[in-house]
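Q: next input, structure requested:
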Amino acid sequence: MKKILITGACGGIAESVIQKLLDEDYFIYVTVHTMQQLKRVKDKYKNNNNVECFKLDVTNTKDREKIKNLDIDTFVANAAIGYGGSIIDIDIDKIRENFEVNVFSNFELVQLVLKNMLKKNSGKIIIISSIAGIVPLRFLGSYSASKSSVIKLTQTLRKELKLITKKINISLVLPGMYHTGFNQVMLENKYLNMDGSIFGAKEKEIRFWEDLFWNIFEYKSLNSITKQIYQAIVSNKSKFIYSAPLNQKIFAKIYQIFNW
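A: Here you go, the predicted structure:
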């Protein structure tokens, strides 16, 4: 039974993937950020003998050390946070926190996991970034920049690993806009400090166009991205990049060509 560890697994896309894996021949380590989330997932998977849940705050050194001695075959780096706000006046500490979680702490975990994978010369690492790392969105620049960094670090990691071994597979997942609640939290938290922002006078206008945009383009069903991550996990020869939905994937490719 192969062992999978998934971070940031309290809900959303990660939960959708876990549900698809429950009846497969995998043992799944479901890890979450807080004790409150841990209580929820333990209750959710209490009848599944192939699931173990524990708290793994990726920014916490002691939490990260919990995985040191785990024999992990597949690591899915899904933990992420997002802060909305204009680059003009967002609190710089929010940008630091975005990078601390989405980039630095995630790759510290990748390094830990890789040590054991290199010893046995096998394994699979699946890193969740975002199409927002390719196509920046207004007022989500902090999040987009962190996800862009994840893309570049993952690309470099794959090139470096190829010099050592071809038996450890690296995959990069680029989800588009899906309705999990995560986007809404990012979009809404920028308004908490909008009174002091240069954009305060435009709040109603920004909300109107933002709501219209996300209502049109955000996918309610997670099926397309769930299938992509599932394939990255179960495939004997995983691709490097998995992305969905298709129309947003195509738009991202066009954006890269023309560099708008």
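Q: now stretch 189-203, how far from the chain's geometric center?
A: Its chain's C-alpha centre and that of stretch 189-203 lie 27 Å apart, by Cα atoms, centre = their mean, to the nearest Å.
Q: in it, what's buried?
A: K190, Y191, M194, S197, F199 (16 or more other Cβ atoms under 10 Å). From N, CA and C alone the C-beta is placed, and that goes for glycine too.
Q: from those residues, which land in strands?
A: Within the buried residues of stretch 189-203, no residue falls in strands by DSSP state E.
Q: between the residues you listed, which is nearest T226?
A: Among the buried residues of stretch 189-203, K190 lies closest to T226 (Cβ to Cβ), at 28.5 Å.
Q: tell me how far the closest residue to the closest one other than its chain neighbours lies from L137.
A: Take K190 and drop its neighbours on the chain: the residue closest to it by Cβ to Cβ, 6 or more residues apart in numbering is G84, 3.3 Å away. For G84, the distance to L137 equals 9 Å [Cβ to Cβ, to the nearest Å].
Q: can you give me the helices for the protein?
A: 12-21, 35-44, 61-64, 92-99, 106-120, 141-162, 182-189, 203-217, 223-234, 246-258 (DSSP state H).
Q: give the other helices and strands that the third one contacts.
A: Going back to what we said before, that points to helix 61-64. If contacts are counted by 3 or more Cβ pairs under 8 Å, 6 or more residues apart in numbering; DSSP states H and E, helix 61-64 sits against helix 106-120.
Q: got a list of what Q184 touches?
A: By Cβ atoms under 8 Å, 6 or more residues apart in numbering, the residues touching Q184 are W214.
Q: so how many other residues sit close to the residue nearest to K190?
A: 26 (other Cβ atoms under 10 Å).
Q: begin at 804 from now on, thanks
A: Right, with 804 as the first residue, what we last looked at is G887.
Q: and the pLDDT at it?
A: Listed pLDDT for G887 reads 94.
Q: just to check, it is in contact with L995?
A: No. The criterion here is Cβ atoms under 8 Å, and G887 misses it with L995 at 9.2 Å.
Q: re the thing from before, could I get the helices of the chain as a markdown table with distance to I973 and mean pLDDT?
A: Listed next are the helices of the chain as a markdown table, based on distance: least, Cβ to Cβ, whole Å; pLDDT from 0 to 100:
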| stretch | distance to I973 | mean pLDDT |
| --- | --- | --- |
| helix 815-824 | 18 | 98 |
| helix 838-847 | 27 | 98 |
| helix 864-867 | 20 | 97 |
| helix 895-902 | 21 | 97 |
| helix 909-923 | 9 | 97 |
| helix 944-965 | 4 | 98 |
| helix 985-992 | 24 | 93 |
| helix 1006-1020 | 29 | 95 |
| helix 1026-1037 | 10 | 98 |
| helix 1049-1061 | 19 | 95 |
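Q: quick check: which of those helices is nearest to F1043?
A: Of all those, helix 944-965 comes closest under Cβ to Cβ, at 6.4 Å.
Q: just the CA coordinates of the closest one, formatted as PDB?
A: Below are the C-alpha coordinates for helix 944-965, written out as PDB (Å, rounded to 0.1, in the frame of the first residue of the first chain):
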ATOM      1  CA  GLY A 944      -0.800  40.400  -6.700                       C
ATOM      2  CA  SER A 945       0.700  39.000  -3.500                       C
ATOM      3  CA  TYR A 946      -0.900  35.600  -4.000                       C
ATOM      4  CA  SER A 947      -0.100  35.600  -7.700                       C
ATOM      5  CA  ALA A 948       3.600  36.400  -7.100                       C
ATOM      6  CA  SER A 949       3.900  33.700  -4.500                       C
ATOM      7  CA  LYS A 950       2.400  31.100  -6.900                       C
ATOM      8  CA  SER A 951       4.700  32.300  -9.700                       C
ATOM      9  CA  SER A 952       7.700  31.700  -7.400                       C
ATOM     10  CA  VAL A 953       6.300  28.200  -6.700                       C
ATOM     11  CA  ILE A 954       6.200  27.500 -10.500                       C
ATOM     12  CA  LYS A 955       9.800  28.600 -11.100                       C
ATOM     13  CA  LEU A 956      11.200  26.700  -8.000                       C
ATOM     14  CA  THR A 957       9.400  23.600  -9.100                       C
ATOM     15  CA  GLN A 958      10.700  23.900 -12.700                       C
ATOM     16  CA  THR A 959      14.200  24.300 -11.400                       C
ATOM     17  CA  LEU A 960      13.800  21.400  -8.900                       C
ATOM     18  CA  ARG A 961      12.800  19.100 -11.700                       C
ATOM     19  CA  LYS A 962      15.800  20.000 -13.900                       C
ATOM     20  CA  GLU A 963      18.200  19.500 -11.000                       C
ATOM     21  CA  LEU A 964      16.700  16.100  -9.900                       C
ATOM     22  CA  LYS A 965      17.200  14.800 -13.500                       C
END
